[in-house]
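Participant: Here you go, sequence then predicted model.
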Amino acid sequence: MANTPRIKAILGPTNTGKTHYAIERMLAHRTGIIGLPLRLLAREVYDKIVALRGPSVVALVTGEERIVPPRAQYWVCTVEAMPEGMGCDFLAVDEIQLCADPERGHIFTDRLLRARGLHETLFMGADTMRGAIADVLGNVDFIRRERLSELSYSGSRKISRMPGRSAIVGFSVDSLYGIAELLRRQKGGAAVVMGALSPRTRNAQVEMYQNGDVDFLVATDAIGMGLNLDVNHVAFSATEKFDGRRMRSLMPNELAQIAGRAGRHMSHGSFGVTGEAQPFDEGLADAIMSHRFAPIKKLNWRNSRLEFGTSDALIRSLEAAPTDERLVKAREADDLGALKSLAAMPVVLDKLRGAGDVKRLWDVCRIPDFRGISHGEHTGLLEQIFGFLQEFNRVPDDWLARQVKRIDRTDGDIDALSKRLAFIRTWTYVSQRSGWLDDEIHWREATRAVEDRLSDALHNALTQRFVDRRTSVLLRRLKQKEGLVADVNDKGEVLVEGEYVGRLEGFRFSQDKSESSEEAKTLRAASLQALGPEFHLRADRFYNAPDTEIDFTEQGGLMWGELALGKLVATDDPLKPSVVAFVDEEAGPEVLQKVTRRLQHFIDRKVATLFEPLLAMSRDETLTGVARGFAFRMVEELGIIPRERVAAEVKDLDQDARGALRKHGIRFGQFTIFMPLLLKPAPTRLRLVLWSLAKKLDEFPESPPPGLVTIPVDASAPEGADTMSGYRNAGERAIRIDMLERLADLLRTENSRGGFEANPDMLSITGMTLEQFAKLMEGLGYKAEKGEREKVKAAPAADAKPAEDKPAEEGAEESAPGEAQPEAAAVEAEPEMEVFYTFTWAAKPRNNRRPQRDGERGKPQGRRNDGKRGGPKGGKAKQGAKTFQARPPKREKPIDPDNPFAAALMGLKDKK
């Protein structure tokens with residue numbers, strides 16, 4: 001046994017502040033770990049430390065929950081889930097007297113013998129452990145702590161005469177429900193606390209009790225394990241419990257542990273019995289009041305040095321007897337029973353080929369039987385999971401999804417919800433095991449979400465069945481000599497004495513304006529007093545809500561479903577907006593802080609996700625000089641800049657700098673410098689909000705519908721809104737900047753000086769008709785001239801001749817002299833006409849040539865034989881008539897495609 005002066009034992013009765021002392025000592029060290037007997041208590045301590053140090057440095061590890069931030073310094077765990085070999089400066093184990101517990105004692109004994117902190121080790125518990133700790137550890141510093149308040153015995157009382165702020169303790173679900181029903185009828189209701197509840201349900205029930213919605217608590221012995229409750233009196237409705245094997249009477253020290261929950265801090269408390277429980281004899285009552293109990297002599301023990309060579313070797317090591325007379329072999333636990341059953345199955349034995357397989361089998365056997373159906377059914381489930389792990393090296397997603405989906409229902413009564421909650425704990429436990437699932441993070445979140453939904457449903461079911469809110473509030477008002485009763489229904493309507501007085505919208509109370517000023521003041525006071533628990537309950541639900549339930553509006557509002565909870569406000573950095581929460585002052589600073597923190601977490605994560613390419617570029621230390629300066633400019637402009645605004649900066653960028661920026665996704669377009677990934681609908685929507693905040697706009701422009709290439713131009717929109725929307729204004733419509741660059745690539749090959757027509761690719765890119773495209777081109781700086789010509793129809797295949805065999809002048813409109821014309825040709829069909837547009841760059845004169853004189857060959861360019869504008873394209877024309885054709889750029893001196901005047905320069909080159 002280890003001897004070290006660094007070990008302390010803080011012993012004493014309940015309400016001595018032992019757990020509080022342990023938290024203070026742990027926070028005095030750089031790192032620490034504390035083991036607690038219940039998942040509920042671990043969550044309570046975790047919340048306390050998070051409130052003191054923040055969530056980024058505090059971890060919570062239980063069998064079914066694992067919250068481990070990257071920089072965790074302080075670990076709050078259930079005793080079973082305490083990780084070994086952490087090397088923390090401080091280590092503590094609470095309720096160490098559970099070393100004598102027949103079911104879980106061997107876990108606590110193992111921690112007592114082997115768990116140590118580097119600088120300080122602390123064991124807290126009942127004074128009955130003093131002799132046992134001294135025997136097995138030797139040199140220990142014992143610190144005795146006295147109870148802060150007195151505890152007195154008040155005998156037997158009927159439930160109808162039970163004083164307010166009382167906890168009635170029972171040991172079976174049926175008896176607890178019966179007591180809660182009685183309290184509902186006679187006292188307005190009761191909160192229910194049982195060890196099988198999830199922390200979320202338990203916290204909601206306790207919050208209802210702590211806030212005074214109900215004056216009574218119905219609980220199992222789970223309240224004896226350090227849960228801090230505002231209880232003045234503890235009444236035992238029974239003194240016997242089923243311990244998993246048999247019914248037995250509670251030991252005096254166990255009764256004292258529960259009775260000690262009465263009276264917190266300096267407030268005195270009392271205990272007694274009710275219902276069918278027999279009154280305590282004088283000696284037992286005195287022992288509980290004076291905290292004198294028989295010392296614990298034997299500690300339950302199970303070998304921790306396990307052998308994994310074979311399943312038989314593992315079972316033998318688990319069944320090894322202790323060599324120390326102060327230790328007693330623990331009774332067979334559920335995990336060992338499951339191991340024996342599975343090891344006896346041939347189908348399992350065939351899969352055990354080495355120590356690794358045996359170790360995996362033992363890990364599977366340690367899945368707790370949360371469902372409590374039967375040993376056979378639990379073993380069958382474990383066999384199936386082990387088979388999956390051996391065959392696929394994982395539990396299949398589709399199989400697990402079916403199990404979870406079967407449970408994910410919130411209908412049914414309390415018993416049905418309680419069973420589903422017990423079932424989901426199995427899959428929550430499985431999701432916490434490393435290497436068992438393909439996507440552990442997904443399944444941890446999924447099972448936690450199901451547990452939360454079931455927890456909320458169970459809390460609601462318990463409240464609906466065991467709480468008459470109207471009666472409860474009425475009784476309390478009468479006791480306090482107040483005549484008003486206020487309530488909030490599921491629609492957020494606030495009722496006082498059954499009359500509507502206003503609505504709770506998020507965390508703000510909007511009062512009805514129909515009352516007089518004096519009535520309004522009285523009703524508001526009553527309403528806000530009733531809203532206290534609702535504010536805190538909503539704040540807890542909102543703080544634990546996933547990001548998928550929260551969103552921002554296009555006007556910078558922050559919504560939780562349909563509830564407006566706050567708004568975004570600008571800071572010096574457009575990518576780091578802050579939030580203002582809409583919370584009534586009467587809700588209190590704690591609710592305000594919780595809502596504000598949750599909203600800030602949401603928007604910070606949203607910006608980090610949607611603008612990840614931009615933020616990654618800003619953090620790239622390899623960008624230097626002008627490239628780094630340009631990157632910062634891109635960040636300031638939220639990833640989109642019209643090229644004309646940064647023409648000088650772009651010119652200063654050499655090819656290396658451009659290449660470095662292109663690696664981050666920047667595209668140097670003819671009209672815009674942008675990051676294509678940021679043109680998606682989600683980043684665009686957020687960018688408009690952030691830009692509008694930075695511009696201090698009163699009304700924010702809305703993001704365009706996704707998927708549209710062009711949109712109508714909003715003349716009332718502020719300058720720059722089109723760019724932030726991912727579009728460029730061009731006349732009556734705006735075109736998406738990435739599609740504009742594709743169009744620019746096509747225009748770059750055209751003769752913008754001499755003129756060109758739109759081809760099908762241009763129309764396809766924009767999704768426009770020819771007329772719409774012409775207006776768009778005018779908006780982009782081109783001149784569009786409309787013309788009309790005879791539509792050329794393809795000749796029939798049988799009459800077709802090669803074009804080179806026919807003179808240009810030959811056609812149907814001329815015939816050889818004296819040749820007879822067919823009679824059918826005497827009546828010519830009206831020719832079908834088509835409209836076309838000729839586009840030229842409007843920045844330069846389109847035609848500087850002198851007019852042609854009479855007698856000169858040909859017609860003026862752009863004129864048809866019939867005098868109308870435009871030349872025939874691909875149709876019949878006189879010899880010498882000029883047609884418009886695209887000319888490829890000269891190769892000897894290519895024009896920079898990034899130059900916004902590339903099209904105009906191309907035309908100038910063609911003039912030579």
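Facilitator: Yep, that arrived.
Participant: can you give me the helices for the stretch 151-300 of the chain?
Facilitator: In the stretch 151-300 of the chain, the segments counted as helices under DSSP state H, counting those that start in this stretch are 173-187, 199-210, 252-259, 282-290.
Participant: Including mean pLDDT, could the ones you listed go into JSON lines?
Facilitator: Below are those laid out as JSON lines (pLDDT from 0 to 100):
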{"stretch": "helix 173-187", "mean pLDDT": "86"}
{"stretch": "helix 199-210", "mean pLDDT": "86"}
{"stretch": "helix 252-259", "mean pLDDT": "87"}
{"stretch": "helix 282-290", "mean pLDDT": "88"}
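Participant: and of those helices, who's closest to Glu44?
Facilitator: Minimum separation from Glu44 across the helices of the stretch 151-300 of the chain (C-beta to C-beta) falls at helix 199-210, 8.1 Å. Any C-beta I mention is one placed from the backbone N, CA and C, and that applies to glycine too.
Participant: Which other helices and strands does that closest one contact?
Facilitator: Helix 199-210 is packed against helix 39-53, strand 191-193, strand 216-219, helix 440-466, helix 517-543, with contacts defined by 3 or more C-beta pairs under 8 Å, 6 or more residues apart in numbering; DSSP states H and E.
Participant: Name the residues that touch it?
Facilitator: Helix 199-210 has contacts (C-beta atoms under 8 Å, 6 or more residues apart in numbering) with 39-40, 43, 65, 190-194, 197, 214-217, 227, 229-230, 421, 451-452, 455-456, 458-459, 462-463, 467, 533, 536-537, 540, 544.
Participant: hmm, back to that, which among the helices and strands packed on helix 199-210 is found nearest to Glu240?
Facilitator: Glu240 lies closest to strand 216-219 among the helices and strands packed on helix 199-210, at 16.3 Å (C-beta to C-beta).
Participant: quick one on the thing from earlier: got the helices and strands packed on helix 199-210 as a markdown table, with distance to Val626 and mean neighbour count columns?
Facilitator: Shown next, in a markdown table, are these (distance: least, C-beta to C-beta, whole Å; neighbours: other C-beta atoms under 10 Å):
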| stretch | distance to Val626 | mean neighbour count |
| --- | --- | --- |
| helix 39-53 | 44 | 20 |
| strand 191-193 | 66 | 28 |
| strand 216-219 | 69 | 28 |
| helix 440-466 | 41 | 20 |
| helix 517-543 | 46 | 18 |
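Participant: These: lowest mean pLDDT?
Facilitator: The weakest mean pLDDT among the helices and strands packed on helix 199-210 belongs to helix 517-543, with a mean of 73.
Participant: Show me the shaky parts of the chain.
Facilitator: Within the chain, the stretches with pLDDT under 70 are 1-5, 226-227, 244, 265-266, 469-486, 496-499, 513-526, 529-530, 794-829, 843-912.
Participant: Next, the distance between the ends of stretch 366-378.
Facilitator: 11 Å (C-alpha to C-alpha, to the nearest Å).
Participant: Kindly report the same for stretch 224-235.
Facilitator: OK, stretch 224-235 end separation, C-alpha to C-alpha: 13 Å.
Participant: again, but for stretch 215-231
Facilitator: End-to-end for stretch 215-231, by C-alpha to C-alpha: 10 Å.
Participant: list the buried ones in it?
Facilitator: 215-229, 231 (16 or more other C-beta atoms under 10 Å).
Participant: next one: stretch 68-75
Facilitator: Neighbour counts over stretch 68-75 (16+ other C-beta under 10 Å) mark 72-75 as buried.
Participant: Hmm, Arg326 is touching Ala132, no?
Facilitator: Yes: between Arg326 and Ala132 there is a contact at 6.9 Å, judged by C-beta atoms under 8 Å.
Participant: what touches both of those two?
Facilitator: Common neighbours of Arg326 and Ala132 (C-beta under 8 Å, 6+ apart) are 297-299.
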